[in-house]
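Participant: missing the sequence, but the structure's below:
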């Protein structure tokens, strides 16, 4: 059947490369993509809400908020990759009109986790969370 498709589409002379075979064999159906999107988006929202609830825990609350908020943003970004595909998502993120916002957002994600785990500066982690929010909204 694949050979018939290649002949009808005019690609019968070329053999598919190994990468093309991997891409074709791993493509997801639309229903699977929607399920993956919903699951990742729900996990992202749950992490963000859980982080907001942990904000009020004494001493470690601000760090826990920063970590869960960052994980929620990562899961939310991952959820859109199910709908578009990872390469199209990355191409759109790094378009010239979105480049600055993408760099600021990725940098703030990394700096939030660094300030929470290595530097142990809760105020700095909160600042980077706020910058994450603005970069995602931008």
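Facilitator: Yes, it's here. Just so it is clear, the model here is predicted, and its values are computed rather than measured.
Participant: mind listing what residue 135 touches?
Facilitator: 101-102, 104-105, 108 (CB atoms under 8 Å, 6 or more residues apart in numbering). For the C-beta atoms, the positions are set from N, CA and C on the backbone; glycine is no exception.
Participant: does it sit in a helix or strand, and which one?
Facilitator: Using DSSP states H and E, residue 135 sits in helix 122-137.
Participant: Please report the distance of residue 133 from residue 123.
Facilitator: According to CB to CB, to the nearest Å, residue 133 and residue 123 sit 16 Å apart.
Participant: Tell me which of these two has more neighbours.
Facilitator: Higher neighbour count among residue 133 and residue 123: residue 133, with 14 against 9, using other CB atoms under 10 Å.
Participant: ok, then the element right after the helix-or-strand element of the chain with minimal mean pLDDT?
Facilitator: Scoring the helices and strands of the chain by mean pLDDT, DSSP states H and E places helix 18-26 at the bottom, with a mean of 54. Moving toward the C-terminus from helix 18-26, the next helix or strand (DSSP H and E) is helix 30-54.
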